[in-house]
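Asker: coordinates for the following, if possible.
(one chain, ligands or ions: 2)
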Amino acid sequence: MKSDATAEPAGNWAVPLGGDALFTWDYDAGAEQMLSLYSRGKQRQWDAETRLDWGHEVDPDNPLGLPDTFIWIAGTPLWERLPEAERITVRRHLAGWLYSQFLHGEQGALVCAAKVVQTVPDIASKFYAATQVVDEARHVEAYQRMLHDKIKVHYPISAGLRGLLETTIGDSRWDITYLGMQVMIEGLALASFSIQRDRMRDPLARALNAYVLQDEARHVAFGRLALRDYYGQLSTAELREREDFAVEACWVLRDRFAGEDMWRNLDYGADECVALANRSPGQREFRRRLFTRIVPTLKDINLFGPRMREALRELGVLGFSRVDGAETSAEDERIADDIAALELAVRQREVSAAVARGAGSDDAGKDDAGKDEERPK
Ligand SMILES: [Fe+2]
Ligand SMILES: [Fe+2]
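Answerer: Ligands and ions are numbered 1, 2, ... in the order given. Okay, the predicted model is just below:
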């Protein structure tokens, strides 16, 4: 039975927190790279309320401006059989399912970042992680607003994401929380958000994801910095446990994000839809972007022994180890800066035009323009 799935889920989900909260008495932080990441984290905060143009009206039938190539069943005989009204339902529900998972994932990141503040041993990392807590809260706010005000179709957390978050938050070893969140789940976020930024037609969806990605690039850099040294010191047996965790997460990320629960709800034959989704060009692009982010990071943090390489070969993604992960992150930062600069320029032109129109007759236009100056359109 198809449901509109518009009710926002209520209640709490309890996940036991593993591990100890660590204090340090060494306040002389020292770690230069971590401190510079902390500085960037402080300086590059942005406010979704003012940075984004929430007055923009999305197309209610296709709130993201989702091209058909990213509808996982488009171009198949099943899609051809669907009347236009059902295709609109698919566009709305796919947007709702995706942004619901983004929202729940961001809340997971918020909870994980807060745990990292408590469990990380050194003060510089605690400083940095505190900026990430605020980043993730702002992301939750932004995706919630997009979902609630613009998309208006809600889904509960998917089984794949729920399982990943549970093992990541619940593990008592601090580095597993880092590995699960900063490398694996952030990798999922980077792949999904970059598709939104680059492929959707709606300007609000594009801008929102560009700004979020800029923050996520710092988060992944933190994971790399924090884990690189630690994994260089572990025994073979300890490394094997981390590799097994990462490999398991890779399989889940590859196979469990095709919207199973959404297809069950839409009721066009869920098994067929999931099979079609898994073979679709949109999912192929998602996986390519996913492993472009994850594999270079695994190599960088020294989690790249023979077992790991064999598992990645089996997944068909070993070749991504040649990608420069730091360069990909730098590119995310540049794109967000470009969009912000472009939007500010457009806004300033509009402000100048409004001022020119209102000159000599009414000062109210100037006041309004000045108030909004921080918000590019
Ligand atoms: Fe985030
Ligand atoms: Fe993040």
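Asker: would you mind measuring from residue 190 to residue 171?
Answerer: 22 Å (C-beta to C-beta, to the nearest Å). C-beta: built from backbone N, CA, C; applies to glycine.
Asker: neighbours of residue 90, how many?
Answerer: Under the neighbour criterion other C-beta atoms under 10 Å, residue 90 is assigned a count of 23.
Asker: circling back: residue 190 and residue 171: which is more packed in?
Answerer: Ranked by neighbour count (other C-beta under 10 Å), residue 190 and residue 171 place residue 190 first, with 25 against 17.
Asker: ok, now how distant is the nearest residue to the more buried one once chain neighbours are set aside from ligand 1?
Answerer: Nearest residue to residue 190, sequence neighbours excluded (C-beta to C-beta, 6 or more residues apart in numbering): residue 293, at 4.6 Å. Counting by C-beta to the ion, to the nearest Å, the gap from residue 293 to ligand 1 is 14 Å.
Asker: where does residue 308 fall, helix, sheet strand or coil?
Answerer: Classification of residue 308 by DSSP: H, G, I helix; E, B strand; the rest coil places it in helix.
Asker: contacts for whichever strand or helix holds residue 251, please.
Answerer: Assessed by DSSP states H and E, residue 251 sits inside helix 236-255. For helix 236-255, the external contacting residues (C-beta atoms under 8 Å, 6 or more residues apart in numbering) are 160, 163-164, 167, 175-176, 179-180, 183-184, 187-188, 231, 234, 278, 287, 290-291, 294, 298, 302-303, 305, 307-308, 311-312, 315, 317.
Asker: stretch 314-327 now?
Answerer: 220-221, 224, 250-251, 254, 287, 291-300, 304, 309, 312.
Asker: write out the residues of the protein neighbouring ligand 2.
Answerer: For the chain, the contact set with ligand 2 under C-beta under 5 Å from the ion comprises 109, 216, 219.
Asker: in helices, which of these fall?
Answerer: 109, 216, 219 (DSSP state H).
Asker: most neighbours, which of those?
Answerer: residue 219 leads those on contacts (other C-beta under 10 Å) with 28 neighbours.
Asker: need the contact list for whatever residue of the stretch 1-150 of the chain ends up closest to ligand 2.
Answerer: Closest contact between the stretch 1-150 of the chain and ligand 2, by C-beta to the ion, is at residue 109 (4.5 Å). Neighbour list for residue 109: 132, 136, 139, 181, 185, 186, 189, 219 [criterion: C-beta under 8 Å, 6+ apart].
Asker: state the pLDDT value of it.
Answerer: Residue 109 is assigned 95 on the pLDDT scale.
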